[in-house]
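Trainee: no FASTA, just this:
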C-alpha cells in the first residue's frame, strides 16, 4: 500500500513544477502516494532511459505515468516510453515542433460563434485543472 504521508520526493535535476504534485485522492502509484519499491522503479527507469540517450521528459510525474500504465514493470515502461518518443519525433515532423508552429487560422471565426468559459478556476484562474468550454452564441 502507498505511504500515508502524501509527499513526493522530487529531484531538482528533473522536476520543476509550477503546480501541485500530489494526487488529491490517495491511489497507489500516484504522486505523493508511492511505495519505496515504486520510487525505486522511477529511479531505475530514469537511469535506463538516460543510458539509452534520452534527456527530455524524464520528470517524476512522467515516469510514474508510464510505470502505472505497465503495472510498474520497468522494462515494459521503458519500451512504452521509447515508442512514445519515437512517435513524437515522427508524427507531423515532430510533435514538439508542431505545437510551436501550429497556426490556428480558424480561431477568430470559431470565437465569433462560440463563447469561451473556464471552469474549476478562481478569479485569477489559479486553481488546478481548468476546463475550457465552448458554448454556441445565442
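Mentor: That came in fine, so what should we check first? None of these values were measured; they are calculated from a predicted model.
Trainee: secondary structure class for the residue most central in space within the chain?
Mentor: Geometric centre of the chain, nearest residue: residue 62, 5.5 Å, by C-alpha atoms, centre = their mean. Following DSSP: H, G, I helix; E, B strand; the rest coil, we place residue 62 in the helix state.
Trainee: thinking residue 96 is in contact with residue 85, fair?
Mentor: No. Using C-beta atoms under 8 Å, residue 96 is not in contact with residue 85; the gap is 10.5 Å. (C-beta placed from N, C-alpha, C; glycine too.)
Trainee: burial of the residue nearest to residue 85 when sequence neighbours are not counted, as a residue count?
Mentor: Closest residue in space to residue 85, ignoring its immediate chain neighbours: residue 54 at 6.6 Å, by C-beta to C-beta, 6 or more residues apart in numbering. Residue 54 has 15 neighbouring residues, counting by other C-beta atoms under 10 Å.
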